[in-house]
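Colleague: have a look; sequence and predicted model below, questions after that.
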Amino acid sequence: MKTVKAIFISGIIQASVFGQKANSYTQSEVDSIVKTIRTHATITTKKLSEKLCQPFTTEEEKIRAISFWIMDNISYDYKQSKSNNEYRIYQKKGESEEDAIYRIKLGEARKTIMRGKGVCEDYAWLFHILCQEAGITSTVVIGHAVDPGKQLSGLTRKLYSNHAWNGVLLNGQWMLLDLTWASGYVDKKTGVFTKSYNSFYYFPPPDLLIKTHFPTNPDWQLLEKPINTKQFILSTKK
């Protein structure tokens, strides 16, 4: 009888930690559960997505689980950010350019997991691919980002793409998130990355994110009245 009771109690504990409870988990509860999930450097993106999402029922929880794992396990590679990482897209016979890019980025996502570090594009694509594996609609947003407080000069200048972040569809509404900036910061004098969670960049209001993040495609400003390049540059001077 004691053995049966012990098994029953153990089952309750496991269900509370790894199972799917009826009520939604808070973000901190999701984070705590994700920390208990064992992964390894050679895990596939499909298996990783399954392990991260299995304990949860809602898309909000699954998105948080994927996001927190990336923020907790991937460090920013400042050295890589200073190197030239341009590459050609080689399409297989009958393969579309979009499929070719996804195939290449899938391979890079596996390398990011294995190395435990990457640059903003690696953060963004890893999030996107893990979401795709979980059946969650997401996208990679490309654009120009400036450090908070930094002023841009030249109102007619062209803003080159220097950053990547994400959009994700949650409960029928597009949300933005920047897991690179949310996970920590780099001392640009030393090149040292420090993990320091910044909650602002996890679902920030679009009208506030636009102060530092200017997407190449204005649709991803998620603003009723998108601003132009000149307005963005002027906003950095305020």
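Modeller: Arrived safely.
Colleague: C-alpha only now, for contacts and for neighbours.
Modeller: OK.
Colleague: can you check the pLDDT for I43?
Modeller: We have a pLDDT of 95 for I43.
Colleague: now do Y90
Modeller: 63.
Colleague: buried residues in the helix or strand containing I101, which are they?
Modeller: Element membership for I101, per DSSP states H and E: helix 97-115. By neighbour count with 16 or more other CA atoms under 10 Å, helix 97-115 contains the buried residues 105-106, 108-113.
Colleague: just the closest of the residues you listed to G154, please.
Modeller: Nearest to G154 among the buried residues of helix 97-115 is K105, at 34.3 Å by CA to CA.
Colleague: lowest-pLDDT helix or strand in the protein?
Modeller: helix 2-18 (a mean of 40; mean pLDDT, DSSP states H and E).
Colleague: looks like D77 contacts G116 (just checking).
Modeller: No. Checked against CA atoms under 8 Å, the pair D77 and G116 is beyond contact range at 9.3 Å.
Colleague: neighbour count for the two, which is higher?
Modeller: D77 (19 against 16; other CA atoms under 10 Å).
Colleague: what about the residue lying closest to that one once chain neighbours are set aside, neighbour count?
Modeller: Nearest residue to D77, sequence neighbours excluded (CA to CA, 6 or more residues apart in numbering): G118, at 5.0 Å. By the measure other CA under 10 Å, the count of residues near G118 is 23.
Colleague: do P206 as well
Modeller: Neighbours of P206 (other CA under 10 Å): 17.
Colleague: again, but for the one 3 residues further on
Modeller: By the measure other CA under 10 Å, the count of residues near L209 is 19.
Colleague: can you check H128 too?
Modeller: 25.
Colleague: now do the contacts for it.
Modeller: 138-140, 166 (CA atoms under 8 Å, 6 or more residues apart in numbering).
Colleague: for S67, same thing?
Modeller: 127, 179 are the contacts of S67 under CA under 8 Å, 6+ apart.
Colleague: from F68, how far out is L130?
Modeller: According to CA to CA, to the nearest Å, L130 and F68 sit 12 Å apart.
Colleague: ok, now S81?
Modeller: Per CA to CA, S81 is found 22 Å from F68.
Colleague: out of the two, which sits in the more crowded spot?
Modeller: When neighbours are counted by other CA under 10 Å, S81 and F68 differ, and F68 comes out ahead with 25 against 14.
Colleague: roughly how far apart are that one and P226?
Modeller: Taken as CA to CA, the span from F68 to P226 is 30 Å.
Colleague: ok, P218 next?
Modeller: 6 Å.
Colleague: now do T36
Modeller: From T36 over to P226 (counting by CA to CA), the distance is 42 Å.
Colleague: who has more neighbours out of the two?
Modeller: P226 (13 against 10).
Colleague: so what's the more buried one up against?
Modeller: 218-219.
Colleague: which SSE is it in?
Modeller: Counting by DSSP H and E, P226 is found in no helix or strand.
Colleague: around the closest residue to K158 other than its chain neighbours, how many other residues sit close by?
Modeller: In space, and not counting its chain neighbours, K158 is closest to T229: 7.8 Å by CA to CA, 6+ apart. The local packing of T229 (other CA under 10 Å) involves 17 other residues.
Colleague: no more questions from me, cheers.
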